[in-house]
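Participant: pasting the structure only:
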Ligand SMILES: *Cc1c(COP(=O)(O)O)cnc(C)c1O
């Protein structure tokens with residue numbers, strides 16, 4: 001078997017325009033978003049204007065991270081210490097972290113086999129909790145049926161805040177992820193769809209909500225120096241009632257994000273081509289189950305998840321090790337120890353523990369692969385071939401997952417140890 005030599009964490013270089021824009025901000029010395037000369041608009045303000053237009057929302061606020069965007073959105077939506085907030089059990093650590101930071105309690109909702117929120121469990125938990133907010137994650141880009149999700153939320157009296165960290169550019173029935181609820185939260189952290197190292201964007205059409213969010217972000221009352229903010233009148237109450245959480249984006253990051261935005265649509269196509277190549281290859285394995293995408297979904301395939309329903313824990317570990325020996329880095333959501341990332345609710349002990357049997361059953365067999373745009377289509381096919389071979393070798397052993405968990409002969413394994 002050939003060994004894959006690509007790096008799963010290597011993103012593309014910044015476009016040259018971004019490098020030039022960054023140099024220009026550095027030469028100006030004016031890195032703080034409110035540090036302007038007469039008549040100047042800051043890079044942060046320009047980014048807000050351009051992102052709001054691209055997204056199709058009235059308002060946009062540039063922030064330090066996706067996690068901060070969620071935390072500020074929750075506070076601006078009225079979440080206070082002691083409140084309960086519903087969110088997906090299958091999500092990334094910044095999501096329960098944002099809820100926890102407000103002093104609220106996260107109530108985790110079960111996941112379905114296609115990695116979307118379980119709407120029956122959402123209904124039940126909305127009824128049996130005091131939560132007024134659903135922080136809806138589309139973890140790893142899996143968009144639920146937003147029409148149904150919004151109607152369940154509405155019937156339960158829930159305000160929806162969308163976590164769109166992995167769905168920037170994704171749509172449900174032609175409408176962009178982030179445009180369904182009160183607000184949408186995006187991340188521009190390196191492994192998302194725009195890259196500024198760290199960063200976040202919050203969008204909404206609600207003027208009062210956005211005025212509160214702007215003050216919370218630490219505006220020092222310079223809300224007139226924003227690109228897509230409500231008018232001064234909307235700040236009448238917010239300016240006295242909201243605390244300064246100092247989560248502003250600086251001009252350097254905004255400057256490198258702006259030239260990336262016009263490339264996003266083309267990049268979505270490139271991600272989806274890579275996803276399709278890898279998915280087609282994995283679909284040839286009888287051991288692998290790929291998530292089924294909804295009919296209304298326009299996805300962004302910047303990562304791929306698959307399940308091995310018949311693999312036990314020991315077999316899963318061996319598959320990861322053998323794939324790694326062949327240069328293919330995969331992660332396993334069923335790992336009882338958080339390694340490299342944390343995405344199982346068992347790792348978030350500060351939440352106090354939740355009983356989530358359906359989510360646990362899915363995560364136990366769920367694997368994750370990043371698909372950076374530095375990979376070619378041929379790379380994706382090669383990764384698929386290596387995984388299919390590694391998995392066939394492991395799962396074919398004695399033809400029994402439980403048995404193969406209790407022995408490790410390595411017989412018939414074509415992969416170098
Ligand atoms: C990356 C991510 C976030 C936010 O991440 P930051 O590192 O805080 O920008 C939120 N939710 C999900 C599902 C993510 O993957």
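Facilitator: Yep, it's here. Values in this document were obtained by computation on a predicted structure and should not be read as measured data. Numbering: from 1, shown residues only.
Participant: which residues of the stretch 251-400 of the chain fall in strands?
Facilitator: 297-298, 303-307, 331-332, 366-370 (DSSP state E, counting those that start in this stretch).
Participant: In CSV, list those along with distance to residue 125.
Facilitator: All C-beta atoms are positioned from the backbone trio N, CA, C, and that covers glycine. Shown next, in CSV, are the strands of the stretch 251-400 of the chain (distance: least, CB to CB, whole Å):
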stretch, distance to residue 125
strand 297-298, 24
strand 303-307, 24
strand 331-332, 27
strand 366-370, 22
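Participant: possible to save the ones you listed as a markdown table with distance to the ligand?
Facilitator: Shown next, in a markdown table, are the strands of the stretch 251-400 of the chain (distance: least, CB to the nearest ligand atom, whole Å):
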| stretch | distance to the ligand |
| --- | --- |
| strand 297-298 | 16 |
| strand 303-307 | 9 |
| strand 331-332 | 13 |
| strand 366-370 | 11 |
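Participant: Of those, which is nearest residue 195?
Facilitator: Residue 195 lies closest, by CB to CB, to one member of the strands of the stretch 251-400 of the chain: strand 366-370, at 13.2 Å.
Participant: contacting residues for the closest residue to residue 203 other than its chain neighbours?
Facilitator: Nearest non-adjacent residue to residue 203, counting by CB to CB, 6 or more residues apart in numbering: residue 57, 4.0 Å away. The contact partners of residue 57, by CB atoms under 8 Å, 6 or more residues apart in numbering, come to 178-179, 184, 203-205, 228.
Participant: Who are the contact partners of the closest residue to the ligand within the stretch 251-400 of the chain?
Facilitator: With CB to the nearest ligand atom, the shortest gap between the stretch 251-400 of the chain and the ligand falls at residue 343, namely 8.4 Å. Neighbour list for residue 343: 90-93, 139, 333 [criterion: CB under 8 Å, 6+ apart].
Participant: Of these, which fall within the contact range of the ligand?
Facilitator: For the ligand, the contacts drawn from the contacts of residue 343 by CB under 6 Å from any ligand atom are 91-92, 139.
Participant: could the strands of the stretch 251-400 of the chain go into JSON lines alongside mean neighbour count and mean pLDDT?
Facilitator: What follows is these, written out as JSON lines (neighbours: other CB atoms under 10 Å; pLDDT from 0 to 100):
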{"stretch": "strand 297-298", "mean neighbour count": "19", "mean pLDDT": "98"}
{"stretch": "strand 303-307", "mean neighbour count": "22", "mean pLDDT": "98"}
{"stretch": "strand 331-332", "mean neighbour count": "20", "mean pLDDT": "94"}
{"stretch": "strand 366-370", "mean neighbour count": "21", "mean pLDDT": "97"}
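Participant: okay, residue 406: pLDDT?
Facilitator: For residue 406, the pLDDT comes out at 40.
Participant: And for residue 342?
Facilitator: Here, the pLDDT recorded for residue 342 equals 70.
Participant: Now do the same contact list for the nearest residue in space to it that is not next to it in sequence.
Facilitator: Nearest residue to residue 342, sequence neighbours excluded (CB to CB, 6+ apart): residue 93, at 4.6 Å. By CB under 8 Å, 6+ apart, residue 93 lies in contact with 341-343, 347-348.
Participant: residues of the one helix or strand residue 44 maps to that come out buried?
Facilitator: Residue 44 belongs to helix 43-55 when assigned by DSSP states H and E. By neighbour count on 16 or more other CB atoms under 10 Å, the buried set for helix 43-55 is 43-52, 54-55.
Participant: Just give me how far that helix sits from the chain centre.
Facilitator: Distance, stretch centre to chain centre, for helix 43-55: 20 Å (CA atoms, centre = their mean, to the nearest Å).
Participant: ok, now stretch 230-242?
Facilitator: Centroid separation for stretch 230-242 versus its chain: 30 Å, with CA atoms, centre = their mean.
Participant: That one: end-to-end distance?
Facilitator: Start and end residues of stretch 230-242 are separated by 16 Å (CA to CA, to the nearest Å).
Participant: likewise stretch 323-333?
Facilitator: Terminal-residue distance, stretch 323-333 (CA to CA): 16 Å.
Participant: contacts for that stretch?
Facilitator: By CB under 8 Å, 6+ apart, the list of residues contacting stretch 323-333 from outside reads 1-6, 8, 90, 316-317, 319-320, 339-341, 343-344, 363, 366-370, 383, 386-387, 390, 415-417.
Participant: Stretch 248-264 now?
Facilitator: For stretch 248-264, contacts defined as CB under 8 Å, 6+ apart pick out 14-15, 17-19, 21-22, 24-26, 30-33, 35, 42-44, 46-47, 50-51, 54, 62-64, 168-169, 188, 193-200, 217-219.
Participant: can you tell me which of those residues are up against the ligand?
Facilitator: Okay, of the contacts of stretch 248-264 touching the ligand (CB under 6 Å from any ligand atom), that's residue 200.
Participant: and the contacts of stretch 248-264, which are buried?
Facilitator: With burial judged by 16+ other CB under 10 Å, the buried subset of the contacts of stretch 248-264 is 14, 18, 21-22, 25, 30-31, 33, 42-44, 46-47, 50-51, 54, 62-64, 168-169, 188, 193-196, 198-200, 217-219.
Participant: Mind checking which of those land in strands?
Facilitator: With DSSP state E as the criterion, strands contain 62-63, 200 from among the buried ones among the contacts of stretch 248-264.
Participant: and which of those residues is nearest residue 224?
Facilitator: Nearest to residue 224 among those, with distances taken as CB to CB, is residue 62, at 15.4 Å.
Participant: Settle this for me: that closest one is touching residue 49, isn't it.
Facilitator: No - the criterion here is CB atoms under 8 Å, and residue 62 misses it with residue 49 at 10.3 Å.
Participant: how close does the spatially closest residue to residue 65 that is not a sequence neighbour get to residue 217?
Facilitator: Leaving aside its chain neighbours, residue 65 sits nearest to residue 200 (4.7 Å; criterion: CB to CB, 6+ apart). Residue 200 sits 10 Å away from residue 217, taking CB to CB, to the nearest Å as the criterion.
Participant: joint contacts of these two?
Facilitator: 63, 68, 247.
Participant: for the first one, what are its contacts?
Facilitator: With contacts defined as CB under 8 Å, 6+ apart, the neighbours of residue 63 are 69, 72, 199-202, 217, 247-249.
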